[in-house]
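# I would like the atomic coordinates for the input below:
(4 chains, ligands or ions: 2)
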Amino acid sequence: MKVRILVSFKESVLDPQGQTVKNALHTLGYDFIKDVRQGKVFEVELQGLSEDQAQKVIPEIADKVLANPIIEKFSWEVLSEGKKVSRN
Amino acid sequence: MKVRILVSFKESVLDPQGQTVKNALHTLGYDFIKDVRQGKVFEVELQGLSEDQAQKVIPEIADKVLANPIIEKFSWEVLSEGKKVSRN
Amino acid sequence: MKFGVVVFPGSNCDHDTLFILQKVLCQEATFLWHKDHDLGRVGCVILPGGFSYGDYLRAGAIAKFSPLIEEVREFAERGGLVLGICNGFQILLELGLLPGAMLRNKNLKFLCQHVHVRVENARTAFTHRARPGQLLRIPIAHFDGNYYAPAETLHRLEASNQVVLRYVDENGEATEPANVNGSASNIAGLINAKGNVLGMMPHPERASEAVLGSRDGRLIFESIILWR
Amino acid sequence: MIDPKILADHNITIEEYKRIIRLIGREPNLTELGIFSLMWSEHCSYKSSKAHLRKLPTKAENVIQGPGENAGVIDIGDGLAVVFKIESHNHPSFIEPFQGAATGVGGILRDIFTMGARPIAILDSLRFGPLEKSRNRAITEGVVAGISSYGNSIGVPTVGGEVYFQERYSKNPLVNVLCLGMAQTNKIFFAKAEGAGNPVLYVGSKTGRDGIHGATMASAEFGEETEQKRPNVQVGDPFKEKLLLEACLEVMDKNLIIGIQDMGAAGLTCSASEMAARSGTGIAIDLDLVPQREEGMTPYEIMLSESQERMLIVAKKENVAEVQRIFAKWDLDAVKIGEVTRGGKLQVTSRGQVVVDLPVEAIVNLCPSYRRPARKPATLKSLQALKLPPLPSDLEKVFLQVLSSPTIADKEWVYRQYDHMVQINTVLLPGADATVLRIKGKKKGLAVVVDGNSLYTYLDPRTGGRIAVAEACRNLACVGARPIGVTNCLNFGNPEKADVMWQFKEVIEGIAEACRAFSIPVTGGNVSFYNDTEGVSVCPTPVLGVVGLVEDISQMVSPGFKSEGDIVVLLGETKEELGGSEYLRSVFNLERGKPPAIDLEKEKRVHEMCLEAISLGLIRSAHDISEGGLAVCAAESCFLSPARIGCVLDLEGSLRADALLFGETQSRILVSLPSSNLASFLALAKENRVEAAPVGKCGGRRFVIRCAGREVINLPVETCWRTWKEAIPRLLSLPQD
Ligand SMILES: Nc1ncnc2c1ncn2[C@@H]1O[C@H](COP(=O)(O)OP(=O)(O)O)[C@@H](O)[C@H]1O
Ligand SMILES: [Mg+2]
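Numbers count the residues shown, from 1 in each chain, chains lettered A, B, ... in the order given. Ligands and ions are numbered 1, 2, ... in the order given. As a prediction, this is how the structure comes out:
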């Protein structure tokens, strides 16, 4: 099973990288960009874990290792085999 | 409209950050973790753009600015208002 | 030779580089502002070290969109000498004036230390004052200096002598431990096929005065000054 | 509407509240209360420490600015001045090590460049819990990475520092950062708000809800939701600060402004009211004009926000356009948010309503000052009692154990992550007793050091305080520098505890005595109280930052042995002083006994002797003897020699061998010199009334020490070096626990 965990600063925390990217995009003429927030993504491959177990253990890992809950929040999703949640 | 752009290393490029996270998780006893790849995520808010226009411009931005095509690949998705693609 | 040192927001070796050129090597040198459109008749453009745009997104990724960069690109295409030091090297890679990309150092830490590099090609505009194979002791200071290029590119670079500097140990061997940041083929400095654009991670401006412990970096500047 | 619960949440006592009412002639509203709670907090008002800090000597001929401004300023001649200060960022670094430490660097940098000085060096003094625990490793990694990320990015070299490891810092690490800047004496700026009608400009990052202190939060206006979203730790933006630095220095260089202060702790409130108070003026601000990052911020939140990378400037009216042009060049906005007024009031409006109307004098200067009870801890006596363990049979093994104590071991793992060479001034790199910076175009240079052994201060605060100053100055003497100014960061527990207050008072007196003895002024510093977790206070930890002047950097001396055959000479005498030593701590887990005694007059003679020997060109290396004693000092002199040459030493004396090797008797320096200089050196020592004894020779590849004729250590230098070098990386790579 493969899961994707997204970690980013909480809304109220300053995101200097996102701001700088936004400014760069503006100077390139992409004025329709209203806001950019930058975060981290972890694509994690799990072995021998049921989805139920994952439900328990992924938030634990995210909270303990991947994110600092003081300033960051996280979300996650299962990337099922066939499913195309995104495009390229 | 809000879109999420994911940027990560190509398979052929070593991802030492992902490796380090994997090792850290192993020493914590999470042995079921087979692999970790770390990347970046950009949540971008667009104003006054149709979905069609976004279809054209987002890959352009990702390719030109957000990712370095020599080492990175990207994917993206629209985060529709009501849709809950992830949980916390 | 008149030098132009480009100042991006976040450049922080701009003053150091200018100081060495003006006060130590007694050259004519001037800052070039990233928002301008004019290189002002310089003979060599230097992209200095630092953290242009905070190195946000990727090192060098945002600086490549500066107005002045277009002039630098044309200048390079016309054969003008361009030297990218550290962040400047990263910008040259992002710009595509040199092939490849930089990854995080293999130990995932910033590294500031003296290293030895070996001059692999002493026939370039930037190295002709050195002996072939000469060892230079010059500091590095970077987080993203782990050079990467696909295998074909590496072959091509080697075959055409474009690898100009390589990390080696004090005996001149290109060993694994000497390759502190993990670069492909121990690459520390690269030149373009035409031979007028050099990118290097070590900081020659930090090794150009005896009081700083090494003068080896001068060879790079002196080569440029005495080129043709 | 202000009830006891609100007062408690704002950390304001009933008496203080009554005083506020008396001072302003009415009850404050909530925003005003928030302002008092910030400005009358221990952190801003120094209410528990003020009375004691007055004991520090602050005057000297070279002092341009003593305590009271953003940083101290010392004249170094040639129209140049050094500007320096140290600050703590302990609590945030525990909660979020990376960002906490990074923003600590950002804060102290602003203190320096607001004075018109370009920051030229950063030093960090760090205290962590033992690295055997993974939580402590994570904090260590995070703090060092945070400091490195901020300092490296902004292009100010982090040139030195110190790291100690001790159990009491596990839940309360200390992160102190010193910044040193250089200015022209005729272009120093102060936090002034002069000239009614002059515009007040806001520059830098937008204001968000960050850093509004948790304790001041609870009130009906904030729901649980907002509470949760309001982190106490800010994220630093070194890139923004770099732009701010360049733009501020440019407007100051062009003399376009009147006064400037950074918005650090206590944000807009503090900068506006302090600037006005210093000039006897008032300031009127319209909050609607303040650039905001978040929507719907209340006046309370805007006034109390601690968002980073912001500055408040009072400009000359006619220069506003030019100031704005320069900020725009650096992609920054300079926004007029108010003006200087007559009448000494801080007046704040929001949406047309007056939300704050307070006399600045009351906010800034009329906070009560406390003489808190102080009592010598009952446990001190038994702590100072020491029954020495028997002399270990294998001193070689013990020696390696001491070398691998992380407090002693090589700190390269730390400083390799810091860009310590940018600005190309660092002529003596980290790893030496003090770092030396050249001044471009001048013969002279600057030396800087931070120091503080908190085990000494724990066991005897006054002696510890004196030693902290003495050791820092000794470090300077070893490279050939004379101290010119001192800054200090005093990290203590809860001042409401009489034990802590006693430690504080004693340490200050010790520091004051030593500064007087060495005739060096204290130009500023910082007090960090409430470093307690779960009722346990950290060891009283003064960190001394001392700046020195090297007359001629071509004569500078470094600690490494230089040549085979050079004679090794010990300056000073060795006593049986093992109390509080790193040897007892790392080998026997004993943190007790009396720390070594110190005779300040003698200490001074040793420094003079060393400086004179250096200026006469008599010696090739000098290294001070501190933690780990003579054996560690000699070993480091081998490790720091370019070719890692060895030495053979013969230590005479009737003391126990471990006292000879590892005792930390003060006022000692180990030097090496060519044999041809020995006679002159010994004569000079005699003249200076300093003991000097040749103890051996440099050379070979082995590290050999004999005590009273018996060989106790004989090891390859390489073995010792590896042990010392690899200790910290090895501990950091232990598996998670
Ligand atoms: N946190 C740190 N940051 C930068 N440099 C450090 C740090 N800790 C130690 N160093 C450097 O390592 C060297 C040795 O430090 P330390 O063992 O404390 O020396 P000493 O005992 O002589 O005071 C010094 O030059 C110091 O500047
Ligand atoms: Mg020390």
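
# switch to C-alpha atoms for all contacts and neighbour counts from now on
Will do.

# Now for the chain, the helix or strand with the poorest mean pLDDT.
Defaulting to chain A. Scoring the helices and strands of chain A by mean pLDDT, DSSP states H and E places helix A:51-61 at the bottom, with a mean of 90.

# should've been chain D
One helix or strand of chain D scores below all others by mean pLDDT, DSSP H and E: helix D:224-228, with a mean of 41.

# buried sites along the following helix or strand past that one?
Per DSSP states H and E, helix D:224-228 leads on to helix D:238-253 as the next helix or strand towards the C-terminus. Across helix D:238-253, burial judged by 16 or more other CA atoms under 10 Å in any protein chain shown covers D:238-252.

# could you point out the longest strand in chain A?
Longest strand in chain A, counting residues (DSSP state E): strand A:33-46.

# Name the residues that touch that one?
A:1-9, A:15, A:17-19, A:21-22, A:25-26, B:6, B:18, B:32-47 (CA atoms under 8 Å, 6 or more residues apart in numbering or on different chains).

# ChimeraX command for the buried members of the residues you listed?
To isolate the buried members of the contacts of strand A:33-46 in ChimeraX, using 16+ other CA under 10 Å:
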select /A:1,2,3,4,5,6,7,8,9,15,17,18,19,21,22,25 /B:6,18,33,35,36,37,38,39,40,41,42,43,44,45,46
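
# tell me the SS of the closest residue to ligand 1 within chain C?
Among all residues of chain C, C:Cys112 sits closest to ligand 1, at 11.8 Å; criterion: CA to the nearest ligand atom. Look at C:Cys112: counting by DSSP: H, G, I helix; E, B strand; the rest coil, its state is strand.

# Chain neighbours aside, what residue packs nearest to it?
In space, and not counting its chain neighbours, C:Cys112 is closest to C:Ala141: 4.1 Å by CA to CA, 6 or more residues apart in numbering or on different chains.

# Then D:Arg110?
Using CA to CA, 6+ apart and skipping the chain neighbours, the partner closest in space to D:Arg110 is D:Asp262 (6.2 Å).

# check contacts around that neighbour.
Contacts of D:Asp262 by CA under 8 Å, 6+ apart are D:110-111, D:114, D:271, D:309-312.

# can I get the residues you listed in TSV with neighbour count and secondary structure?
Converted to TSV, those look like this (neighbours: other CA atoms under 10 Å in any protein chain shown; DSSP: H, G, I helix; E, B strand; the rest coil):
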residue	neighbour count	secondary structure
D:Arg110	28	helix
D:Asp111	28	helix
D:Thr114	26	coil
D:Ser271	22	helix
D:Glu309	27	coil
D:Arg310	23	strand
D:Met311	23	strand
D:Leu312	26	strand
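
# Please convert those to TSV, extending it with pLDDT and distance to D:Gly452.
As requested, the contacts of D:Asp262 are exported to TSV (pLDDT from 0 to 100; distance: CA to CA, whole Å):
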residue	pLDDT	distance to D:Gly452
D:Arg110	95	25
D:Asp111	94	23
D:Thr114	95	28
D:Ser271	93	31
D:Glu309	93	30
D:Arg310	94	32
D:Met311	94	32
D:Leu312	95	34
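
# quick one: is the longest helix along chain C near chain D?
Longest helix of chain C, by residue count under DSSP state H: helix C:67-77. No - shown here: helix C:67-77 not in contact with chain D (CA under 8 Å from any CA of the partner chain), separated by at least 13.9 Å.

# what comes up buried for that helix?
For helix C:67-77, by 16+ other CA under 10 Å, it's C:67-69, C:72-73, C:75-76.

# Specify the local secondary structure of D:Val159.
strand.

# now it: how far from chain B?
28 Å (CA to the nearest CA, to the nearest Å).

# That residue contacts D:Ile120, doesn't it?
No - the criterion here is CA atoms under 8 Å, and D:Val159 misses it with D:Ile120 at 9.4 Å.

# hey, where'd the strands end up in chain C?
Assigned by DSSP E, chain C shows strands spanning C:2-7, C:28-33, C:44-47, C:81-85, C:101-103, C:111-119, C:135-142, C:146-148, C:163-168, C:187-191, C:197-200.

# so what does the last one touch, helix or strand wise?
Just to be clear, that refers to strand C:197-200. strand C:81-85, helix C:87-95, strand C:187-191 (3 or more CA pairs under 8 Å, 6 or more residues apart in numbering or on different chains; DSSP states H and E).

# now do the second one
If you count contacts as 3+ CA pairs under 8 Å, 6+ apart, strand C:28-33 packs onto strand C:2-7, helix C:14-19.

# again, only this time at 6 Å
strand C:2-7 (3 or more CA pairs under 6 Å, 6 or more residues apart in numbering or on different chains; DSSP states H and E).

# orientation of the strand it packs on relative to helix C:87-95 in degrees?
Here strand C:2-7 points in a direction 80 degrees away from that of helix C:87-95 (axes from the mean of the first three to the mean of the last three CA atoms, to 10 degrees).

# Wondering if strand C:2-7 reaches chain D at all.
No - for a cut-off given as CA under 6 Å from any CA of the partner chain, strand C:2-7 has no contacts with chain D; the smallest distance is 11.2 Å.

# Check what contacts that strand and list those residues.
Here strand C:2-7 makes contact (CA atoms under 6 Å, 6 or more residues apart in numbering or on different chains) with C:28-34, C:42-47.

# For chain A, what lies in contact range of chain D?
By the rule CA under 6 Å from any CA, the part of chain A lying against chain D is A:Pro16.

# Which single residue in chain A comes nearest to chain C?
Closest contact between chain A and chain C, by CA to the nearest CA, is at A:Gln17 (5.3 Å).

# Might one say that D:Val546 is in contact with D:Val486?
Yes - between D:Val546 and D:Val486 there is a contact under CA atoms under 6 Å: 4.6 Å.

# just to revisit the earlier point, distance check, the residue nearest to D:Arg110 against ligand 1.
25 Å (CA to the nearest ligand atom, to the nearest Å).

# What backbone torsions are found at that residue?
Main-chain dihedrals, D:Asp262, degrees, to the nearest 10: phi -80, psi 160.
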